[in-house]
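A.B. asks: okay, sequence plus prediction incoming.
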Amino acid sequence: MQKPLPPSLDAASTPLEFLQHLYAAAVRRALPLHTIGAFLPPQPKGRTVVVGAGKAAGAMAHALEALWPQDAPLTGLVVTRYGHTPPRPESLAQRIEILESSHPVPDAAGLAAAERIIAFPQGLTKDDLVLCLISGGGSSLLTLPAEGMTLADKQRVNQALLDCGASIVEMNCVRKHLSRIKGGRLAAACAPARVLTLLISDVPGDDASVIASGPTVPDASTCADALAILARYQIEIPAAAAAHLRSGALETRKPGDAVFANSEVHLIATPQQSLDAAAEAARAAGLSAYILSDEIEGESREVGKVHAALARAVALKGQPFQKPCVILSGGETTVTIRPRKPGAPKGRGGRAGEFCMGLAQALQGQTGIYALAADTDGIDGVEDNAGAFVTPDSLAKASEKSMKLSEYMDRNDAYGFFEALDALLVTGPTHTNVNDFRALLIL
């Protein structure tokens, strides 16, 4: 496996080290300590209370503790993914409690955390301030089932949404309407205090109502939308919950609701900013860099094939870009889990690895093309890798080991494929999350 990210690399590095350098630049740009300070408000007359959820919530809490005046009162409670709480600096006093729970499927710890978090700001006044720290992953980490739903129901629906290839917008529409804390409901629990939501975006388009299912922001989607998504993917929910959706009883808080009159939202880190940072790092090394988009969605392997076609055109025809160059993209692709053949091992891996399998298949060993796809939170799916590399000899190495890429694709086993090639990127949690990062180096 690849070693953890080095702090910096220069233009004389190997192609894979250079790709890691670009990934590191993207991650650094999104670290909360580098971004949150510009958005902190003056101290209020009353109390300052912190709530939050997401894969970056622990790092956001530490950054806030470090930057908020040490003599000013500050209390809070946030939840992050297991293992994603960063080490606390010895000089930093703990004023915000950090809980941990499960991602991407919720668990009892997430339920307990949500119950505590929605109760934490109750009893505040208009002189008080709530700082809400939200990043991707909060939809799973902060789970409070709606009336007619149990935790087991939420777990089953969550897993079905993950397996069917639903987009993040579709997934979070359903999650919001089957929740007692998402879709603006946490903001209602904070009223009448001022609510300032600080967001790290992990969704295409940076829609605040989609990030972590928008616990403190208005939501324009409807119960009817949620029902249509469930029907589209043939996902069943308990009869009582379905009835509540049909009646509109589970409707989220809408734009214009008075509960948001004293509320504001700021994006402190976005996918585009991280791609810009990677592009700057490439240009500093003397290479041209092109950003396709920070909003790419679709089936991961198919997106990989499209990237391969573009890279081959550059390598073979000098179109639409001249080599040497770097092509960057972000967004949130999806993986549809294929039924396993009898006796076949269970596949492992996430969106980044699935993209790399599609890319490798379509590149067919094209010389001069190297690629890295990784999740900026350091975890691709539920395994221990951030992503994977593709090199001109990836397929040749697989052939030497009598491995057929098509068989790994059939069972969605990107981890198994790239692990055997010693081509996994393993970084550990990065303590931020601006979603997919893809870089193709064409020499």
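C.D. replies: Great, that's in hand.

A.B. asks: alpha carbons only for contacts and neighbour counts from here, please
C.D. replies: OK.

A.B. asks: residues of the strand or helix carrying Arg283 that come out buried?
C.D. replies: Assessed by DSSP states H and E, Arg283 sits inside helix 271-284. For helix 271-284, the neighbour count (16 or more other CA atoms under 10 Å) marks Pro271, Gln272, Gln273, Ser274, Leu275, Asp276, Ala277, Ala278, Ala279, Glu280, Ala281, Ala282 as buried.

A.B. asks: what helices or strands is that helix leaning on?
C.D. replies: Packed against helix 271-284 by the contact rule (3 or more CA pairs under 8 Å, 6 or more residues apart in numbering; DSSP states H and E) you find helix 15-29, strand 288-291, strand 325-331.

A.B. asks: follow-up on the earlier one: ok, so of the buried residues of helix 271-284, who is nearest Pro345?
C.D. replies: Of all the buried residues of helix 271-284, Pro345 sits closest to Pro271, with 34.5 Å by CA to CA.

A.B. asks: and the closest one, what does it touch?
C.D. replies: Pro271 makes contacts with Ser201, Asp202, Asp294, Gly330, Gly331, Val434, Asn435, as judged by CA atoms under 8 Å, 6 or more residues apart in numbering.

A.B. asks: what about 7 Å?
C.D. replies: Ser201, Asp202, Asp294, Gly330, Val434, Asn435 (CA atoms under 7 Å, 6 or more residues apart in numbering).

A.B. asks: model confidence score at the second one, please.
C.D. replies: Listed pLDDT for Asp202 reads 95.

A.B. asks: swap in the fourth one?
C.D. replies: According to the prediction, Gly330 has pLDDT 98.

A.B. asks: count of residues packed around it?
C.D. replies: 29 (other CA atoms under 10 Å).

A.B. asks: picking up where we left off before, and the helix holding Arg283, how far out from the chain's middle?
C.D. replies: Chain-centre distance of helix 271-284: 18 Å, with CA atoms, centre = their mean, to the nearest Å.

A.B. asks: for stretch 248-263, same thing?
C.D. replies: Using CA atoms, centre = their mean, the offset of stretch 248-263 from its chain centre is 25 Å.

A.B. asks: alpha carbons only: can I get it in CSV?
C.D. replies: Taking Å, rounded to 0.1, in the frame of the first residue of the first chain, the C-alpha atoms of stretch 248-263 are listed here in CSV:
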residue,chain,number,x,y,z
GLY,A,248,-47.9,15.8,4.8
ALA,A,249,-47.4,15.3,8.5
LEU,A,250,-43.7,14.7,8.0
GLU,A,251,-43.2,17.9,6.0
THR,A,252,-39.9,19.8,6.5
ARG,A,253,-39.5,23.4,7.4
LYS,A,254,-39.9,25.5,4.3
PRO,A,255,-38.3,28.8,3.0
GLY,A,256,-40.0,31.7,4.6
ASP,A,257,-40.7,29.9,7.8
ALA,A,258,-40.4,32.4,10.7
VAL,A,259,-38.0,30.0,12.5
PHE,A,260,-35.3,31.1,10.1
ALA,A,261,-35.8,34.9,10.6
ASN,A,262,-32.7,35.1,12.8
SER,A,263,-30.6,32.6,10.9
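
A.B. asks: what residues sit buried inside it?
C.D. replies: In stretch 248-263, counting by 16+ other CA under 10 Å, buried: Leu250, Glu251, Thr252, Arg253, Lys254, Val259, Phe260, Ser263.

A.B. asks: the longest helix in the protein is where?
C.D. replies: Criterion DSSP state H: the longest helix present in the chain is helix 300-317.

A.B. asks: which other helices and strands contact it?
C.D. replies: Here helix 300-317 touches helix 351-363, going by 3 or more CA pairs under 7 Å, 6 or more residues apart in numbering; DSSP states H and E.

A.B. asks: what is Glu299 paired to in the beta sheet?
C.D. replies: Beta bridges link Glu299 to Thr334 when assigned by DSSP bridges.

A.B. asks: begin at 27, not 1, for the rest of this chat.
C.D. replies: I'll keep to 27 as the first residue from here, and by that count the last item is Glu325.

A.B. asks: number of nearby residues for it?
C.D. replies: 19.

A.B. asks: what do you get for Gln348?
C.D. replies: Residues near Gln348, counting by other CA under 10 Å, number 16.
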